[in-house]
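Chemist: sequence first, predicted coordinates after that:
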Amino acid sequence: MHDPSKVAEPAALRQRDGAEARVTYEELFFDLVYVFAVTQLSHYLLGHLTPLGALQTLLLWFAVWLGWQYTCWVTNWFDPRSAPIRLLLFGVMLAGLVMSAAIPGAFAERGVVFAVAFVAIQVGRSACVWLLLRRERHALAANFARILGWNCIAAVFWIAGAATAGGARMACWAIAVACEYVSPMFGFRLPGLGRSRTADWTIEGGHLAERCQLFVIVALGESILLIGDTFARTQTLTSLSTLAFLIAFAGSLAMWWLYFDTGSEDGSHAIAHSDDPGRMGAYFHYVHVLIVGGIIVTAVGNELVIAHPHGHLDLPGIIVMLGAPVAYLLGNGIYRRIVYGSFPASHVAGVVVAAALLALVARIDLLTLNGLTTLVMLGVAAWDTLRAPSGAVRRNASHARKA
């Protein structure tokens, strides 16, 4: 593949002038759809707190993330303020709104609506970009031809799943998710089209990192909304429900602290100064699906605790209350491994302590367990803040480039 910088650039492409690309108002407006999508996922999991419901929510979450992730890469290469990309974003927003509205019935009567809307997002976006690049004979056209090919392969399984029900739908949609999530790992390789290399992607690293950070804010905002809404709907305010509300808020604060106070700026610096920002950007998207997923499940746990502080800890409740902090700590730990070159000891300790709380679940209630996991998260965040050296990423830059 040729160096895109040596080819005449289509007018819609971002201008590479050496300055960091800014997130535009069009992108922020686009993200509003995902506030709704994340809320829908939280409500779906809350209403289906079973192992099957958890698997269904996971598949739906992967679909939501894939729709956002692929669009994020497009707006990294293309200027959202240009007319073609602005119109494309608004079209994806509309389809995304339909997809999000169908989430509650995705595994029931609205499966066709969900699948068709998602396919319209993935195939429609990639086809529009490929046609734009192909007309200009740009080097990235081959990359988007491969992406479009995999989107079409996945579309077959999305539509096939929508035409079935039960386990068959889950199996088809799981294959579809795998097609779109795993194909970037081997460069979207297709017979006759070859494969893409991350070194050819010429992304704006700081912009991509900021987009991931903004999605974390979207998820945390949804968590805050659920905390406030559940507290507002509590018919009888007691000292226990108030304490549950305060602990839930402290948990959200701990998640913000863990991510933004001790690593987000270094992450932006690392990807912007990497020798292969395309590869590191792919790592960022892979790990953020775990980070944001942890926030979504935490929001469900907070709603359970505020509504029923003395609630009994059954298996689904245990998975939500302990699985969410473990997933979030693992995701943040892997993120730091990408940025700094090592998995932090603080996160290892946090995961171990959170997992050890499993021994207490037979003797405690929802409120107590939520309080203990929140203390673990706050402790890890404080540890990171106290021990993180200033400018750590710069001293580890050479390692970060090889991550």
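Modeler: Done, it's in. Keep in mind that this is a model prediction, so the values were computed, not measured.
Chemist: low-scoring stretches of the protein, by residue?
Modeler: 1-11, 15-21, 135-139, 198-202, 235, 237, 262-265, 272, 388-403 (pLDDT under 70).
Chemist: center of it, which residue is that?
Modeler: Geometric centre of the chain, nearest residue: residue 289, 3.6 Å, by CA atoms, centre = their mean.
Chemist: just the element for the nearest residue to that residue once chain neighbours are set aside, please.
Modeler: Leaving aside its sequence neighbours, residue 289 sits nearest to residue 65 (CB to CB, 6 or more residues apart in numbering; 5.0 Å). Where C-beta positions appear, they are placed from N, C-alpha and C, glycine not excepted. Assigned by DSSP states H and E, residue 65 belongs to helix 51-77.
Chemist: buried set for that helix?
Modeler: Buried residues in helix 51-77, defined by neighbour count with 16 or more other CB atoms under 10 Å: 53-54, 56-77.
Chemist: off-centre distance for it?
Modeler: Its chain's C-alpha centre and that of helix 51-77 lie 7 Å apart, by CA atoms, centre = their mean, to the nearest Å.
Chemist: helices or strands up against the helix or strand just after it?
Modeler: Once the chain leaves helix 51-77, the next helix or strand it forms, by DSSP H and E, is helix 83-101. Applying 3 or more CB pairs under 8 Å, 6 or more residues apart in numbering; DSSP states H and E, one finds that helix 83-101 contacts helix 25-47, helix 51-77, helix 111-136.
Chemist: got the angle for helix 83-101 vs helix 25-47?
Modeler: Angular relation of helix 83-101 and helix 25-47 on a 0 to 180 degree scale: 10 degrees, by axes from the mean of the first three to the mean of the last three CA atoms, to 10 degrees.
Chemist: what comes into contact with helix 83-101?
Modeler: Residues from elsewhere that reach helix 83-101 (CB atoms under 8 Å, 6 or more residues apart in numbering): 12, 26-27, 29-30, 32-34, 36-37, 40, 63-64, 67, 71, 74-75, 78-80, 113-114, 117-118, 120-121, 124-125, 128-129, 132.
Chemist: just want the angle from it to helix 51-77.
Modeler: Inter-element angle recorded for helix 83-101 and helix 51-77: 170 degrees (by the same axes, to 10 degrees).
Chemist: buried stuff in helix 83-101?
Modeler: So, applying 16+ other CB under 10 Å, buried residues of helix 83-101: 84-86, 88-89, 92-93, 95-96, 98-101.
Chemist: mind putting the residues you listed into JSON lines with distance to residue 307?
Modeler: What follows is the buried residues of helix 83-101, written out as JSON lines (distance: CB to CB, whole Å):
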{"residue": "84", "distance to residue 307": "47"}
{"residue": "85", "distance to residue 307": "43"}
{"residue": "86", "distance to residue 307": "42"}
{"residue": "88", "distance to residue 307": "41"}
{"residue": "89", "distance to residue 307": "37"}
{"residue": "92", "distance to residue 307": "35"}
{"residue": "93", "distance to residue 307": "32"}
{"residue": "95", "distance to residue 307": "34"}
{"residue": "96", "distance to residue 307": "29"}
{"residue": "98", "distance to residue 307": "30"}
{"residue": "99", "distance to residue 307": "28"}
{"residue": "100", "distance to residue 307": "24"}
{"residue": "101", "distance to residue 307": "25"}
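Chemist: what's the closest of those to residue 323?
Modeler: Nearest to residue 323 among these, counting by CB to CB, is residue 100 at 23.6 Å.
Chemist: so how far is residue 162 from the closest one?
Modeler: 16 Å (CB to CB, to the nearest Å).
Chemist: wait, residue 64 sits on residue 35?
Modeler: No: using CB atoms under 8 Å, residue 64 is not in contact with residue 35; the gap is 11.4 Å.
Chemist: domains for the chain, by residue range?
Modeler: 22-196, 205-402 (automatic domain parsing).
Chemist: could you tell me the end-to-end distance of the first one?
Modeler: Domain 22-196 has its terminal residues 26 Å apart, counting by CA to CA, to the nearest Å.
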